[in-house]
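In: From the sequence below, what's the structure:
(2 chains)
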Amino acid sequence: MGCVSPLGRGLPSLLEGIEAGRSAVRRMEGWNQYLGLRSLVGAPAELKDEKLIPRQSRRSMGRLSIFAVQAAQDAVAAAALDPALATTGRMGCVVGSTTGSAISISQAFETMLPDHDLTKLSSMQFFHCISHTATMNVAQCLKLNGWVMATSAACASAMQAIGAGYDLIRLGRQDVMLCGGAEELHPTVTGSFDVLFATSVKYNDTPGLTPRPFDRDRDGLVCGEGGGILVLEDYEHAVKRGAPIIAEILGYHTCSSGDHVSESSRPAMVTCMREALKAAELEPGQVDYVNAHATATMQGDKEEAEAIAEVFGPKVPVSSLKGYIGHTLGASAAIELGASLAGIRKGLLYPTLNLENVSPECQGVGHIMGGSLQREARVVVKNSFAFGGISAVLVCRMA
Amino acid sequence: MTKEEIIKLTNKVFEESFEIDPEKLVPGAKIFDELGLDSLDIVDLIVALQKQFKVQIREDERVRTIRTLEDVYNFILMLKQESAGSGQ
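Out: Purely as a prediction, here's the structure:
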């Protein structure tokens, strides 16, 4: 696994921040100039070392693609993959994001619209803005010539990417897939949630106290940014080359509520978790930890807590990592799954940061709060939900 | 605008837009083979030169004959002289 998160580049830095109970949420400078933008907080990631990517690869990358490529480079290194695999046609990538680079999209319109003049646009603007910018750049930079696809399911993009890669490997079409997502922070991104009253607005002067998943005093999500890439590999292929296996994917499911584009749907969440467990051939009682999607919105947390309670009851430990790094949207499932699995390898189930008083409507599940739970865990469920009525759930077992 | 000014500003475009080492920016340097630009870079080179020199290059067929950095300097000089001659 490789990641660039608001707590730094690389898993060690992310885990160190989580274990120290550190929040990466900041008040964003300059955001108060936007009329109507009430949420002035974000969880920025640091963009650095981008010049280590050769210019001719980098020129087609907006901010989110650089995060994706750096995460992919780190993931390949961590998995000790032979670079020669890239050009066998048996290795590809599925990397998702909500949109193309929000910064570049904004710049393109700012360049073109004042004079309705296209001649000032760079040739690269298109490559920064397209929906498959992250996956395309990962593939080109790493010289992959296998299957390359993008998922675009907003906050569930990374999870659907992992699910798609898993299916390709199960079908025997690919041996190795780099899967995950990337996202970048921009006022238009936070603004799109703010318009829907889904953002945190009460903590602009105390940013470290938000988001507050499942908490009584939660008031909405905080957007973050970064990239997360997992290496998925055919089991026999991995064993044969002596790969450092972290976990085995046992089941995956994605479904739609078919009901509403923005309202969270407990029945759809329940269905998705149950179908993923069914695919994994497991009973809820066999699950040791649920890493929740929980973004700290009023409705989403309530629906998810009720759904988890309905499927798993009150005993299975549950936490959300968004208190530390905000909601990294299209990257979130990959970053949070990677951090959860790495924590479990250290014998730790991480607590939900800023969860101090469980909201009455989020009771009934085994919230981890206050400190890490030192407990061995084998089977992990990762939830990921998105606007558009999308649910996606992964079940895996530690190696 | 003098040729020296054009050379200085053109080289600045190559340094800033394409991260090319100033030492490589000699008049005889071939843009594709020696400076490493490709077809996509040429699109951006045109956009950058248009912005830098306030000239129109995109639709000018003569741009296709450019091979070296010296060709770029001379082309810009010619455009500047043409626009000065036409009173623009």
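In: Pull up the gap between the residue of the stretch 51-200 of chain A found nearest chain B and A:Met273, please.
Out: Chain B sits closest to A:Ser123 of the stretch 51-200 of chain A, with a gap of 3.6 Å, by CB to the nearest CB. In this view, the C-beta of every residue, glycine as well, is placed from N, C-alpha and C. Using CB to CB, to the nearest Å, we find A:Ser123 at a distance of 45 Å from A:Met273.
In: Repeat that for B:Glu70.
Out: Separation of B:Glu70 from A:Met273 (CB to CB) stands at 67 Å.
In: Kindly report the same for A:Phe214.
Out: 17 Å.
In: Which one's more surrounded, these two?
Out: Comparing A:Phe214 with A:Met273 by other CB atoms under 10 Å in any protein chain shown, the one with more neighbours is A:Phe214, at 28 against 25.
In: still on that earlier bit, give me the neighbour count for the closest residue to the residue of the stretch 51-200 of chain A closest to chain B other than its chain neighbours.
Out: Nearest residue to A:Ser123, sequence neighbours excluded (CB to CB, 6 or more residues apart in numbering or on different chains): B:Val43, at 3.6 Å. B:Val43 has 15 neighbouring residues, counting by other CB under 10 Å.
In: by contact count, what packs against the helix or strand A:Thr190 falls within?
Out: Using DSSP states H and E, A:Thr190 sits in helix A:187-194. Helix A:187-194 is packed against helix A:102-112, with contacts defined by 3 or more CB pairs under 8 Å, 6 or more residues apart in numbering or on different chains; DSSP states H and E.
In: now do 10 Å
Out: strand A:41-42, helix A:102-112 (3 or more CB pairs under 10 Å, 6 or more residues apart in numbering or on different chains; DSSP states H and E).
In: just the ones you listed: most buried one?
Out: Ranked by mean neighbour count, the helices and strands packed on helix A:187-194 are led by strand A:41-42 with a mean of 26 (mean count of other CB atoms under 10 Å in any protein chain shown).
In: Could you list the paired strands of it along with their orientation?
Out: Using DSSP bridges, strand A:41-42 pairs in its sheet with strand A:26-27 (antiparallel).
In: Give the rounded mean pLDDT of the partner strand.
Out: Taken as a whole, strand A:26-27 carries a mean pLDDT of 98.
In: so how far is that strand from its chain's centroid?
Out: The chain centroid and the centroid of strand A:26-27 are separated by 20 Å under CA atoms, centre = their mean, to the nearest Å.
In: What are the contacting residues of it?
Out: A:6, A:40-44, A:203-208, A:222, A:326 (CB atoms under 10 Å, 6 or more residues apart in numbering or on different chains).
In: then stretch A:295-315 to CSV, C-alphas only?
Out: Coordinates of each C-alpha in stretch A:295-315 appear next as CSV, following Å, rounded to 0.1, in the frame of the first residue of the first chain:
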residue,chain,number,x,y,z
THR,A,295,-18.0,11.3,7.7
ALA,A,296,-19.8,13.1,10.5
THR,A,297,-22.8,14.3,8.6
MET,A,298,-26.0,14.3,10.6
GLN,A,299,-27.9,11.8,8.5
GLY,A,300,-25.1,9.6,7.1
ASP,A,301,-23.7,8.7,10.5
LYS,A,302,-27.1,7.9,11.9
GLU,A,303,-28.0,5.7,9.0
GLU,A,304,-24.6,3.9,9.0
ALA,A,305,-24.7,3.3,12.8
GLU,A,306,-28.1,1.9,12.5
ALA,A,307,-27.1,-0.3,9.6
ILE,A,308,-24.0,-1.6,11.3
ALA,A,309,-26.1,-2.3,14.5
GLU,A,310,-28.6,-4.2,12.4
VAL,A,311,-26.0,-6.3,10.7
PHE,A,312,-23.4,-6.8,13.4
GLY,A,313,-25.1,-5.9,16.7
PRO,A,314,-23.3,-4.0,19.5
LYS,A,315,-20.2,-6.0,20.0
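In: Can you list the buried residues in that stretch?
Out: Within stretch A:295-315, the residues that qualify as buried are A:295-297, A:300-312, counting by 16 or more other CB atoms under 10 Å in any protein chain shown.
In: List the ones among the residues you listed that fall in helices.
Out: Members of the buried residues of stretch A:295-315 lying in helices (criterion: DSSP state H): A:300-312.
In: that older thread, what about the contacts of strand A:26-27, which one has the most neighbours?
Out: So for the contacts of strand A:26-27 (other CB under 10 Å), the most neighbours sit at A:Gly326, 34 neighbours.
In: tell me the contacts of that residue?
Out: A:5-6, A:23-26, A:41-45, A:185, A:190, A:200, A:207, A:210-211, A:221-226, A:295-296, A:332.
In: So for it, what's the pLDDT?
Out: pLDDT, A:Gly326: 98.
In: what sits against the residue in chain B that chain A sits nearest to?
Out: Using CB to the nearest CB, the closest approach of chain B to chain A is made by B:Val43 at 3.6 Å. The neighbours of B:Val43, taking CB under 10 Å, 6+ apart as the test, are A:121-124, B:58.
In: Fine by me, thanks again.
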